[in-house]
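[1] structure for the following, please:
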Amino acid sequence: MKLDFLGNIYITGETNSLGPTNGDVFLLKYENIDPQIEIITPIPNQVYGNATFVFNLTFIEPNLGFTWYTLNGKSTKFFFTGNTGVIDQTAWDACGNGTVSLKFYANDTLGNVGHAEVLIQKENNLPYINILSPTAESFHASIPPDFFIAFNGNDINSTWYSLNNGQSHFFSGSSGSINQIAWDNCLDGKIVLNFYINDSSGWYMFDQVIINKDTSSPEISILFPIPNQLYGIKTVDFSLNFTVIYLDSIWYRLNEGESYFVPITNNNNNSNNNSSGTINQAAWDLCENGTVSIKFYINNSAGSLVYDEINIRKDNIGPEILILHPQEYNVIGTTAFNFSLMINEPNIVDTSWYTLDGGINNYSFSGLNGLINQSVWNATNNGVVHLRFYANDSLGNLAFKEIIIYKDFDLIPKRAYAIIVGVSDYPGTTNDLMYPRADAITMSTMLRAKYNFLPANIILLTNSEATKTAIFNAFTTIKNQMNSEDVFFFYYSGHGGEASSSIHFICPYDSIPSNPSKYIYDLELDNLLNQLPNAEKIVMIDACNSGGFISEVQAAHRFIMAASKATQLSWETSELRHGVFTYFFVDSIFVAPDSNGDGVLSLEEQFSYARSETTSYMLGWGELQQPTKYDGIPGQAVLFPSIGSLNLLPIGNELHYSFTIYGHGILNSLNITVSSVFQNTSIEIIDLRLASPSNTGFGHYSGIIQLENGLNVSGYEFIAEIQGYNLITFKETFGDTDNDGLNDILEIKNGMNPGTNDTDEDGLSDYDEYYGITNPLINDTDGDGILDGYEIFNDLNPLQNDALSDYDGDGLINILEYLLGSLANNIDTDNDGVD
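    Residues are numbered from 1 along each chain as shown. Presented below is the predicted three-dimensional model:
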């Protein structure tokens, strides 16, 4: 929807079976306002001779119809288009000497007419002259410019020109060249060029143009890089020296390719200037290995051009690393393992190293074989381990190879795969949509950032990439990677339609225009889904008539969302910049309510929100769009890695637990730690993965953890870690027997007494010391004989031995004040006036 300055409201839409396009605009309301006209030229009382003249206008009217003018109020209309034109010569000839009324008219498509008038003067005997070339502020070198003029009048006597108001140079005709000697006598810089005309009656007129002269030649030299220098994958820095008066531009080309301009902030005319910068990385990336030609060009405003050229060499291929051992997805126990590599690199391999934590810690090695450090492996958590080997060469080209291995982990990953399709730009322009490509990119980003999909498991196809063959190939690729435990998500945004009440289709890029064989019909999509080996499949279609897919595609363990019913259109708007249903589905991630209160956001809850918002929003536009779904997922469908309905209940020496793990990924850890501080202080850690309800660890858990008789449960800590694109950690704790702000399990693990809030009895709480600067297990952290609590409360330093200092200057050192019970930061502890 758009609103113009006149109050007119326009809406974009369409009613055909292919859905809305960006080509149909409807006017909803209008205001009855005449078109407005501003006359730029001619100006009032301007004098013209026999020759006609140019007019320039400005119109303010969004729905402009016809435009015309009249002379001296006569009924003859002279129609024109655009904002400029030339007054009809015959009509001008019919006007007598003196004042002439020139009136311009314009109407709009609704019939409103506006006009504007200007009064000018006509003198039949007045000659005129107009400089057509050279143009104002043009630049010229040592060869003088050619000129071309237009002139007219009665009994023309002569025409001439002057440079800088100097000698007159007479000529005949309407074109010629400026006198070379006169041009040579002009210094470089601004030149005023006047052309004159007179007639035998003594009338004369002139026209003027100011041009520029620059006979100097620019100079440029490449200071850096030096010829034949060798570079790697990183781009090249450069340094230049140049001299020019009227600088136009400096640019460079690599291997005679695209031009890249160099920004120049300072130019001291006709003196040495230096400029430095960096070759465009993308341009450098396009250069093949070997010799690279670099040419730097400079020109001045007069068109003089010179260049300097050098050749350098490029080697941007990093070392090729092949991991021979271990193999991808090997399961390795607690003992560190040997590795074996093959590194291919013509230049010298400079350094090589490996990392097990994404580069936070790196461990160098030499050669091609080695042993992973045992201490490093011991510190590596169970579950997924990203083992990455790096190597760089002497040119700085860096390469790495990474594999995934598992440490002491019996569960298999539950992986998530997706095919995301969005087509905005169909062949031609008639059937283009505005936002399906943006829909697809947003959904792909959402799957990674919010649903924790691995980017490598998402196939994104937009516009010309999204042919029927490409979509089918994507299904084949996914099918060959999946297993029965994995999750699949298919999304489509674009045109859709119905061939009949029972046959519906979506439109890949190559199906439009008029190629139904390239449609993907509902039964074809059902067949593609049937070929996938996994059970859980989610389908979301934002297209017209998309609800028609549900009857053919529905099956057990499938969740299908359609943006509209089978007979309805699906809309997109410039206000939301997305398909309406897609916009509110993405929005549901942030605002949809957890209606069943289980602590997770299900697809059922997301769809309910998106359906309500879509229907309400489109009713506001006067359209009925009702998203619909099919839910064949047992329980509820949840894509987020989530812990739902977590219930932990201590009863005596038992902890009753129940919860459900939703989503996908690799279950790195699932531990419940139980503590007791009654009779004996103890903790017990239970790895619940041993009780996994599935091969992946996802599903519903319930059971009882029982401590020894006499040990009542005082606290617990629940931790789950699920690895996908990000590591997601769920943690819940209970139990703070001494009410010091630290849970019992944390205190036990860190050696503190969960039954008292001051384990070391130094006057400071365990909480203050744990999150502060002193040690909660040592009552005198700095060993100066003064308790930490006394030092803190008396502004002493508990980390520095200041026993012999006298901070308050009362003659007693700090240790004596502590032993006597006086204040070390107050010279008169009892306020009796005596130190």
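[2] when you work out contacts or count neighbours from here on, use the C-alpha atoms and nothing else.
    OK.
[3] before we move on, which element is residue 341 in?
    Assigned by DSSP states H and E, residue 341 belongs to strand 338-344.
[4] paired strands for that strand, with orientation please.
    strand 320-325 (antiparallel), strand 369-371 (antiparallel) (DSSP bridges).
[5] report the next helix or strand after the first one in sequence order.
    In this case it means strand 320-325. Counting by DSSP H and E, what follows strand 320-325 is strand 331-332.
[6] partners of that next one in the sheet?
    In the sheet, strand 331-332 lines up with strand 398-407 (parallel) (DSSP bridges).
[7] just the strands in the stretch 351-500 of the chain please.
    363-364, 369-371, 383-393, 398-407, 416-422, 458-462, 487-493, 496-500 (DSSP state E, counting those that start in this stretch).
[8] mean neighbour count, the ones you listed: which tops it?
    The highest mean neighbour count among the strands of the stretch 351-500 of the chain, using mean count of other CA atoms under 10 Å, belongs to strand 416-422: a mean of 25.
[9] export that strand as CSV, just CAs?
    Provided in CSV are the C-alpha atoms of strand 416-422 (Å, rounded to 0.1, in the frame of the first residue of the first chain):
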residue,chain,number,x,y,z
ALA,A,416,18.4,-32.3,11.1
TYR,A,417,18.3,-31.7,7.3
ALA,A,418,16.4,-29.1,5.3
ILE,A,419,15.7,-28.1,1.7
ILE,A,420,14.7,-24.4,1.5
VAL,A,421,13.2,-23.0,-1.8
GLY,A,422,12.2,-19.5,-2.6
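[10] what angle separates it from strand 487-493?
    10 degrees (axes from the mean of the first three to the mean of the last three CA atoms, to 10 degrees).
[11] let's have the chain start at 34 instead
    From this message on, residue numbering opens at 34, which makes the last subject strand 449-455.
[12] outside of strand 449-455 itself, list whatever touches it.
    Residues outside strand 449-455 that contact it (CA atoms under 8 Å, 6 or more residues apart in numbering): 469-474, 476-477, 486-487, 490-496, 499, 507-508, 511, 515, 519-527, 697-698.
[13] which residues in the stretch 134-283 of the chain form strands?
    146-155, 161-166, 172-173, 179-185, 189-196, 201-204, 208-210, 222-232, 237-246, 252-257, 263-264, 270-276, 280-287.
[14] quick check: which of those is nearest to residue 654?
    strand 146-155 (32.7 Å; CA to CA).
[15] which helices and strands does that closest one pack with?
    strand 69-74, strand 80-81, strand 131-141 (3 or more CA pairs under 8 Å, 6 or more residues apart in numbering; DSSP states H and E).
[16] and those strands: which comes nearest residue 721?
    strand 131-141 (77.0 Å).
[17] for the closest one, buried residues please.
    132-141 (16 or more other CA atoms under 10 Å).
[18] what's the least confident stretch among the strands of the stretch 134-283 of the chain?
    Of all the strands of the stretch 134-283 of the chain, strand 263-264 carries the lowest average pLDDT, namely a mean of 83.
[19] break the chain into its domains for me.
    The chain breaks down into these domains under automatic domain parsing: 65-155, 161-246, 252-347, 353-440, 457-664, 675-782, 792-868.
[20] ranking these by burial, who's on top?
    domain 457-664 (a mean of 20).
[21] quick one: mean pLDDT over that one.
    95.
[22] tell me where this protein has helices.
    For the chain, the helices defined by DSSP state H cover 122-126, 213-217, 314-319, 407-411, 469-482, 501-512, 555-564, 583-586, 613-624, 636-652, 777-782, 799-803, 821-826, 847-853.
[23] residue 201: which of those helices is closest?
    helix 213-217 (9.8 Å).
[24] now the closest one - C-alpha only, CSV.
    The C-alpha trace of helix 213-217 is given here as CSV (Å, rounded to 0.1, in the frame of the first residue of the first chain):
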residue,chain,number,x,y,z
GLN,A,213,45.0,28.1,-32.7
ILE,A,214,47.1,31.2,-32.0
ALA,A,215,44.4,32.8,-29.9
TRP,A,216,44.1,29.5,-28.0
ASP,A,217,47.9,29.2,-27.5
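[25] now do that helix: distance to the chain's middle.
    58 Å (CA atoms, centre = their mean, to the nearest Å).
[26] and what of stretch 821-834?
    With CA atoms, centre = their mean, you get 52 Å for stretch 821-834.
[27] gap between the two ends of that stretch?
    Taking CA to CA, to the nearest Å, stretch 821-834 runs 11 Å from one end to the other.
[28] does residue 216 touch residue 177 like I think?
    Yes: if you go by CA atoms under 8 Å, residue 216 and residue 177 touch, sitting 6.0 Å apart.
[29] picking up where we left off before, now do the strand holding residue 374 against strand 416-426, angle only.
    Using the same axes, to 10 degrees: strand 371-377 against strand 416-426 is 40 degrees.
[30] is it possible to get JSON lines of the strands of the stretch 134-283 of the chain that adds distance to residue 321?
    Below are the strands of the stretch 134-283 of the chain laid out as JSON lines (distance: least, CA to CA, whole Å):
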{"stretch": "strand 146-155", "distance to residue 321": "64"}
{"stretch": "strand 161-166", "distance to residue 321": "47"}
{"stretch": "strand 172-173", "distance to residue 321": "39"}
{"stretch": "strand 179-185", "distance to residue 321": "46"}
{"stretch": "strand 189-196", "distance to residue 321": "54"}
{"stretch": "strand 201-204", "distance to residue 321": "59"}
{"stretch": "strand 208-210", "distance to residue 321": "49"}
{"stretch": "strand 222-232", "distance to residue 321": "45"}
{"stretch": "strand 237-246", "distance to residue 321": "43"}
{"stretch": "strand 252-257", "distance to residue 321": "21"}
{"stretch": "strand 263-264", "distance to residue 321": "12"}
{"stretch": "strand 270-276", "distance to residue 321": "18"}
{"stretch": "strand 280-287", "distance to residue 321": "11"}
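[31] wait, which of those is closest to residue 356?
    strand 263-264 (27.4 Å).
[32] returning to that earlier point: quick one: closest of the strands of the stretch 134-283 of the chain to residue 669.
    strand 263-264 (56.9 Å).
[33] how about the CA coordinates for stretch 691-704, as CSV?
    Provided in CSV are the C-alpha atoms of stretch 691-704 (Å, rounded to 0.1, in the frame of the first residue of the first chain):
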residue,chain,number,x,y,z
SER,A,691,10.6,-37.0,34.5
PHE,A,692,11.2,-34.9,31.4
THR,A,693,11.3,-35.1,27.6
ILE,A,694,14.2,-34.1,25.3
TYR,A,695,12.9,-32.6,22.0
GLY,A,696,14.6,-31.5,18.9
HIS,A,697,17.8,-32.8,17.3
GLY,A,698,21.6,-32.8,17.7
ILE,A,699,24.1,-34.8,19.6
LEU,A,700,23.4,-35.4,23.3
ASN,A,701,26.8,-34.6,24.7
SER,A,702,25.8,-35.0,28.4
LEU,A,703,22.7,-35.7,30.5
ASN,A,704,23.6,-35.8,34.2
